[in-house]
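*Asks:* Fold the following and give me the result.
(chains A and B)
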Amino acid sequence: MRRISIIFLLILSLFFTGLSFAQNDTNGVDEQKVEEIKKRISSKVSSLKLDAIDVQTGYLEEVDQDKGILKLKDDDFTADIYLDGEITNFYEIKKNSPASLPQEEIQPGDYLVVYGNKIEDKFQAVNIFRQDREEVISGTVMEVRDDDSLLVIDDIGEQIIVRTGRRTGMLILQEDEGEFEFVKTRFSKIKENDKIIFSFFATAEADLQDVFSQELLLIPQELLEKLRADQS
Amino acid sequence: MFMNREKIVAIILGAFLGIGLGFYLLFGRNLINTSEKEDVDRQIFKTEETTVTPQQQAVSEKAEIVVKDIKEGRVISSSDKYPLRVQIPVDGLVVVRYPLGEKAFFQKKGEFEMDLELKAVENRVKIVLYTMNSTFSVLHKEFDIYYFPEDL
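*Replies:* Okay, the predicted model is just below:
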């Protein structure tokens, strides 16, 4: 009887051990599924990197290293940008192409363009680009000054002093049989009442009433008058 | 005989240990796997939630320059050329200024299309319409087009 009990118990323990090994095989299948799901997640993350979900821009106010957050500020808003050490990359735009930038080199006041995913109120950064913020304004030349600057009234009625220099590209619009073309010109060709479109690089603390122009386009008043005459 | 009893007790304890181990491997690991799977499922669910981004297109009835497909003054381009679609309310001289160039042409009232070459990342675009009547002397519109090269 005792032998039978021992044999029974041994068989029972072997049965459960076998079951557990069988279950281990099943776990192997589950682990495969988990791996597949993880791959799918990885693929999802990759696709999120490729498909732009949102863009956030602004001037860097501060970096909270402990929380991994950049605080951006612009005229009427502030935004928290969440960094991820594994996916967030920093670049600088130089000569119209991006170059890798160490995170330590970004400074308060830098203009940043953040490409990432907005999840509820959190903006998760994928790529962060430092570049110059270009502003473009149109208006009318009110005064041509001796110091190579212009007094301009923009198209919403604000007065702006537009300074020019060697680095300022100047183009004037010409018409030839209905075809229009911008060609290079000089400061001396600018006249009062000419229409103007000028660009400049803005900074966080910039005085927007007194700017240095990178490029200006001139649309001579006489050209507009001629066009009006041709149309009437 | 006494030794035999010890052996029997040892075998019984061994058997119970085997049974216990079997139960742990059978049910304990299942519980762990279930919680892992739930975590993974939650992550998938969360990821899928973030991919929903409704597109809206606002068209103003006012006498203004309307740039199609631009939402909140910005749009993201998938290539380095953006097909711009613009509607203007009156005839006039149109000047388009963007980082890689400038274009000017006379345009009749209505819609026109043009391709803009884009530099990497932010492109500030300004469209100015110099009208040929005195009611709307100048109309202007500015917006940003973002282009992120795929190799980043």
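*Asks:* residue contacts, the spatially closest residue to B:Ser77 that is not a sequence neighbour?
*Replies:* Residue nearest to B:Ser77 in three dimensions, not counting chain neighbours: B:Tyr147, with 4.6 Å by C-beta to C-beta, 6 or more residues apart in numbering or on different chains. Every residue, glycine included, has its C-beta placed from N, CA and C. If a contact means C-beta atoms under 8 Å, 6 or more residues apart in numbering or on different chains, then B:Tyr147 has B:76-77, B:79-80, B:82, B:118-121, B:123 as its contacts.
*Asks:* hmm, 10 Å instead?
*Replies:* A:52, B:75-82, B:116-123 (C-beta atoms under 10 Å, 6 or more residues apart in numbering or on different chains).
*Asks:* Quick check on it: phi, psi?
*Replies:* The phi and psi torsions at B:Tyr147 (degrees, to the nearest 10) take the values phi -130, psi 120.
*Asks:* Same question for A:Glu222.
*Replies:* The phi/psi pair for A:Glu222 (degrees, to the nearest 10) reads phi -60, psi -40.
*Asks:* And it, how far from chain B?
*Replies:* Counting by C-beta to the nearest C-beta, to the nearest Å, the gap from A:Glu222 to chain B is 13 Å.
*Asks:* Then A:Val126?
*Replies:* For A:Val126 relative to chain B (C-beta to the nearest C-beta), the value is 9 Å.
*Asks:* ditto for A:Phe129
*Replies:* The gap separating A:Phe129 from chain B is 5 Å, by C-beta to the nearest C-beta.
*Asks:* Pretty sure that residue sits against A:Tyr115.
*Replies:* Yes. Proximity of A:Phe129 to A:Tyr115 meets the contact threshold set by C-beta atoms under 10 Å, at 7.4 Å.
*Asks:* Find the residues that touch each one of the two.
*Replies:* A:55, A:57, A:89, A:91, B:121, B:146, B:148, B:152.
*Asks:* and the third one, what is it in contact with?
*Replies:* Meaning A:Asn89. By C-beta under 10 Å, 6+ apart, A:Asn89 lies in contact with A:49, A:98, A:100-101, A:103, A:115, A:125-129, B:152.
*Asks:* Return the item of those having minimum pLDDT.
*Replies:* Note: of these, the lowest pLDDT belongs to A:Lys49, at 50.
*Asks:* show me where pLDDT drops low in the chain?
*Replies:* This is for chain A. A:1-29, A:38-52 (pLDDT under 70).
*Asks:* my question was about chain B
*Replies:* B:1-3, B:22-23, B:25-62, B:134-136, B:152.
*Asks:* is it fair to say B:Glu64 lies in a helix?
*Replies:* No. Using DSSP: H, G, I helix; E, B strand; the rest coil, the assignment for B:Glu64 is coil, not a helix.
*Asks:* Please enumerate the helices of chain A.
*Replies:* Taking DSSP state H, the helices of chain A run over residues A:2-50, A:221-231.
*Asks:* so what's A:Glu61 up against?
*Replies:* A:70-74, A:78-79, A:108-109, A:204.
*Asks:* let me fix that: B:Leu129
*Replies:* For B:Leu129, the contact set (C-beta under 10 Å, 6+ apart) comprises B:64-65, B:86, B:88-96, B:107, B:136-141.
*Asks:* Could I have the PyMOL command that selects the buried members from these?
*Replies:* Buried subset of these, written as a PyMOL selection, criterion 16 or more other C-beta atoms under 10 Å in any protein chain shown:
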select buried, chain B and resi 65+86+88+89+90+91+92+93+94+95+96+107+136+138+139+140+141
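*Asks:* Narrow the contacts of B:Leu129 to those in strands?
*Replies:* Using DSSP state E, B:86, B:88, B:92-96, B:107, B:138-141 are the members of the contacts of B:Leu129 that sit in strands.
*Asks:* Please, which helix or strand holds B:Ile11?
*Replies:* B:Ile11 belongs to helix B:2-23 when assigned by DSSP states H and E.
*Asks:* so A:Tyr111 bridges to which residues?
*Replies:* A:Tyr111 forms beta bridges with A:Tyr59, as assigned by DSSP bridges.
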